[in-house]
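Participant: here is the input, now give the coordinates:
(chains A and B)
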Amino acid sequence: MSKENLLMDVNDLSVTFGAGANTVEAVKNCSMTVHEGEPIGIVGESGSGKSTLARVLAGLQQPSAGKVLYRGENVFTGNKSYKNGFRNQVQMVFQDPYGSLNPQLTGLSAVSEAVRIHKKVGSDEAEAIALELLQQMGISRLDALKKPRQLSGGQRQRVSVARALSASPSVLLADEPTSAIDQSAQAQLLKLFQGLLGEGLAIVLVSHDLGVIRFLTKRVYVMKEGLFIESGDTETVFNDPQEEYTKLLLASIPGELGKAARAKLKKS
Amino acid sequence: MSVAQKRLLDLIDVEIGIVRPRRKTLVIVKYANFSVNYGEMVGVVGESGSGKTMLCRAIIGTLHRRGVSIMGGQVNFEGEDLSKINEARWKMLRGKVIGYVPQSALAGPNPVLTIAKQLAEALEQVDGTGSMESRAKELLDLVKIRRIDTVMKQYPYQLSGGMRQRVMIACALASRPKILIADEPTTGLDVTVQSQIMDLLKEIRRDLGTAIILISHDLALVDEVCDKIVVMHAGATVEVVASGNMSQPRHPYTIALNASRIDIAKPGGNLTIIKGNPPSVGQWNPGCRFVERCDYREDDCNVGEHPPLVGEKDGHQTACLHADKIKTI
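Facilitator: Below you'll find the predicted structure:
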């Protein structure tokens, strides 16, 4: 990976919550990089600090220590115009498609609002752009005029992705995008992500589902109790895990791969 | 044992619907067919809205609380038709002979009761020997909870998701039911916890001989832990197949469902999306309900009734008019 296409450079990042005896170190000394068009996975159990890390990467949470550089500039100390530019460039899709969309707005109005803000265009033009985005996500004109409660979980998640893409970002942060939806809807969303990667978008996928991680990502960071305990090429990590915890994660998968990993774990 | 003796639960052409004032009755399940033998572990899979949870409710007798009722067919449990019995009889079965583990482990336990009180509530309903405390501890031991004395005094919020689900399973086991119905028991839990809970269910089945119905939308999971898999689509059973045979499905829906699952054993891999969306609840076209999304459709598919489930009971059953042709493809 060359230096030129380095998008995000995360250095020694820590996040602590609370004070005194109740201090919780959610993220401890994590360092990672994201290059243009690169699919990255962050995998770990609940409580391992994945979501906190994702929120810092999106600029939604101040780190207690360490730096997040976007194209060489510190995200949290830059001036206002730089910060606004960064917000456009790194967009997030949240875990819960029920909670992240305004229940009062139709998919079309939710997305056109975002288009209006990011692209600074009039409302008619914004609506046209929004409709096109939604259609690319496989949401028909008819479904675009529905409110979130009338849509299925998978459709809702695709509206969220359309909204995130309205800013034309270079990085899409997806925090457990598939955990609340059906297998068939999951396949649709993953295909969509594959297409976006083909168009040069970098995706940081946070998940506890190793299947999704292996399907989509090229590089993976395994997180446990706030630390990156293992990282590397996704295939290398899957075929030859070094840490006990990674082996345990692989052994927990139902099906063939898990069986093989369980056998290996027993031998050692 | 003869076939009749080993059959514990038998669902025959079950139809579930909601009667609505001044509107047409909404049918949500029609032609649900499958059976569970003593000590058997059966997985029920399907997309959201396919009627999995409604079937669960029909078996534990909590349908009518929502204005929903069994409108046709039979739910035979040890020779007794559950669709015909009254509330007094249900009180003797529900939670006693037929146990239930709810979907959301996080919301399942009562938040203001300690685990000890929670278990005592479940135990009060059944006869037994020994003090309440020792029986409660025995239950926690059964679900492999360590530090039993500490956990007994704790409240649900102090426990992790996996521990809470273990407590829920302990409650369900208080009366040593003949069958345990687990409705997506690991949704929202981590993979490592999921595999522990599955191991626990397998042990319960092995040690206590409890039959288990595992509802899930995770095909790989069900294929690994269950003896038999029931595939539901739009309120109907479309295929019943012994586990391990999921690689040779005969119903186009099962084939499509299989193709849409990530093959984690292979990197990159291919994903095929099932065309279109599942039909809205009760808005079914005539004939096969999968016809709009089917790759193998023929002219006779969208006329008449839903195709019947054909095949040997306890064998491979498929509800598709052209299953034979598909088999050879």
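Participant: centroid residue for the chain?
Facilitator: Went with chain A since none was named. Central residue of chain A (CA atoms, centre = their mean): residue A:174, 2.1 Å from the mean position.
Participant: if you could check chain B rather than the one you did, that'd help
Facilitator: residue B:215 (3.2 Å).
Participant: that residue contacts residue B:56, correct?
Facilitator: Yes: using CB atoms under 8 Å, residue B:215 is in contact with residue B:56, at 6.0 Å. For every residue, glycine as well, the C-beta is placed using N, CA and C.
Participant: mean confidence for the lengthiest helix in chain A?
Facilitator: Counting residues, the longest helix found in chain A (DSSP state H) is helix A:183-198. Averaged across helix A:183-198, pLDDT comes to 88.
Participant: what's the angle between the helix or strand that that helix is followed by and helix A:183-198?
Facilitator: Following helix A:183-198 in sequence order, the next helix or strand is strand A:202-207 (DSSP states H and E). Orientation check (axes from the mean of the first three to the mean of the last three CA atoms, to 10 degrees): strand A:202-207 against helix A:183-198 gives 150 degrees.
Participant: state the mean pLDDT of strand A:202-207.
Facilitator: 94.
Participant: show the subsequent helix or strand relative to it.
Facilitator: Next element after strand A:202-207 (DSSP H and E): helix A:210-216.
Participant: buried residues in that next one?
Facilitator: Residues of helix A:210-216 classed as buried: A:210, A:211, A:212, A:213, A:214, A:215, A:216 (neighbour count, 16 or more other CB atoms under 10 Å in any protein chain shown).
Participant: how far off centre is it?
Facilitator: For helix A:210-216, the separation from the chain centroid amounts to 13 Å (computed by CA atoms, centre = their mean, to the nearest Å).
Participant: for stretch A:236-250, same thing?
Facilitator: 22 Å.
Participant: ok so, going back, which helices and strands does the longest helix of chain A pack with?
Facilitator: For helix A:183-198, the contact count by 3 or more CB pairs under 8 Å, 6 or more residues apart in numbering or on different chains; DSSP states H and E identifies helix A:153-165, strand A:171-175, strand A:202-207, helix A:210-216, helix B:252-259 as packing neighbours.
Participant: buried sites along it?
Facilitator: By neighbour count on 16+ other CB under 10 Å, the buried set for helix A:183-198 is A:183-193, A:196-197.
Participant: ok, those residues vs residue B:230, which is closest?
Facilitator: Distance to residue B:230 across the buried residues of helix A:183-198 (CB to CB) is lowest for residue A:183, with 15.9 Å.
Participant: picking that back up, tabulate the helices and strands packed on helix A:183-198 in a markdown table, adding columns for distance to residue B:166.
Facilitator: A markdown table is the format used below for these (distance: least, CB to CB, whole Å):
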| stretch | distance to residue B:166 |
| --- | --- |
| helix A:153-165 | 27 |
| strand A:171-175 | 27 |
| strand A:202-207 | 25 |
| helix A:210-216 | 23 |
| helix B:252-259 | 30 |
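Participant: which among these is found nearest to residue B:144?
Facilitator: helix A:210-216 (24.2 Å).
Participant: what residues does the closest one touch?
Facilitator: With CB atoms under 8 Å, 6 or more residues apart in numbering or on different chains as the test, helix A:210-216 has contacts from A:39, A:41, A:43, A:178, A:186, A:190, A:193-194, A:197, A:203, A:205, A:207, A:220, A:234, A:238, A:249-250, A:253, B:191, B:220, B:262, B:264, B:267-269, B:271.
Participant: same thing but at 6 Å, please
Facilitator: Helix A:210-216 is contacted from outside by A:39, A:41, A:43, A:178, A:190, A:193, A:205, A:207, A:220, A:238, A:253, B:262, B:264, using CB atoms under 6 Å, 6 or more residues apart in numbering or on different chains.
Participant: may I have the phi/psi pair for the residue nearest to the centre of chain B?
Facilitator: Backbone torsions of residue B:215, given as degrees, to the nearest 10, read phi -90, psi 130.
Participant: coming back round to it: which neighbours do residue B:215 and residue B:56 share?
Facilitator: When contacts are counted by CB under 6 Å, 6+ apart, residue B:215 and residue B:56 are jointly contacted by residue B:183.
Participant: check contacts around the residue nearest to the centre of chain B.
Facilitator: Residue B:215 is in contact with B:44, B:52, B:183, B:184, counting by CB under 6 Å, 6+ apart.
Participant: one more pass at 10 Å, please.
Facilitator: Counting by CB atoms under 10 Å, 6 or more residues apart in numbering or on different chains, residue B:215 makes contact with B:42-46, B:52-53, B:55-56, B:101, B:103, B:181-185, B:187, B:222, B:230, B:232.
Participant: now do residue A:103
Facilitator: So residue A:103 contacts A:147, A:148, A:149 (CB under 10 Å, 6+ apart).
Participant: among those residues, find me the one that's closest to residue A:83.
Facilitator: Checking those one by one against residue A:83 (CB to CB), the nearest turns out to be residue A:148, at 29.1 Å.
Participant: so which residues of the stretch 1-150 of chain A form helices?
Facilitator: A:50-57, A:80-89, A:107-119, A:123-136, A:141-144 (DSSP state H, counting those that start in this stretch).
Participant: remind me what the longest one packs against, helices and strands.
Facilitator: It refers to helix A:123-136. Applying 3 or more CB pairs under 10 Å, 6 or more residues apart in numbering or on different chains; DSSP states H and E, one finds that helix A:123-136 contacts helix A:107-119, helix A:141-144, helix A:153-165, helix A:183-198.
Participant: low-confidence regions, the stretch 151-268 of chain A specifically.
Facilitator: A:268 (pLDDT under 70).
Participant: one more pass at 80, please.
Facilitator: A:179-180, A:254-260, A:265-268 (pLDDT under 80).
Participant: one more: the stretch 201-329 of chain B?
Facilitator: B:244-247, B:262-271, B:276-277, B:282, B:313-314, B:325-329.
Participant: repeat that for 70
Facilitator: B:265-269, B:327-329.
Participant: got the residues of it near chain A?
Facilitator: B:216-225, B:256-274, B:277-278, B:280, B:293 (CB under 10 Å from any CB of the partner chain).
Participant: among those residues, name the buried ones.
Facilitator: B:216-225, B:256-265, B:271, B:273-274, B:277-278, B:293.
Participant: for the residue in the stretch 51-200 of chain A that chain B sits nearest to, what are its contacts?
Facilitator: Of the stretch 51-200 of chain A, the residue with the smallest distance to chain B, taken as CB to the nearest CB, is residue A:187 at 3.9 Å. Residue A:187 makes contact with A:154, A:178, A:181, A:215, B:256-257, B:259-262, B:271-274 under the criterion CB under 10 Å, 6+ apart.
Participant: burial check on residue 108, number of neighbours?
Facilitator: Assuming you mean chain A. 22 (other CB atoms under 10 Å in any protein chain shown).
Participant: you answered for a different chain; I wanted chain B.
Facilitator: By the criterion of other CB under 10 Å, residue B:108 has 18 neighbours.
Participant: go ahead and confirm it touches residue B:164.
Facilitator: Yes: counting by CB atoms under 10 Å, residue B:108 touches residue B:164, with 6.6 Å between them.
Participant: mind listing the shared neighbours of those two?
Facilitator: Joint contacts of residue B:108 and residue B:164 (CB under 10 Å, 6+ apart) are residue B:156.
Participant: chain B contacts on the stretch 51-200 of chain A?
Facilitator: So the stretch 51-200 of chain A meets chain B at A:138, A:143, A:152-155, A:178-192, A:194 (CB under 10 Å from any CB).
Participant: identify each buried residue in the helix ranked longest in chain B, please.
Facilitator: Looking across chain B with DSSP H, the single longest helix is helix B:191-208. Judged by neighbour count (16+ other CB under 10 Å), helix B:191-208 contains these buried residues: B:191, B:192, B:193, B:194, B:195, B:196, B:197, B:198, B:200, B:201, B:204, B:205.
Participant: the first one against residue A:255, yeah?
Facilitator: No: Residue B:191 is beyond contact range of residue A:255, at 11.5 Å (criterion: CB under 10 Å).
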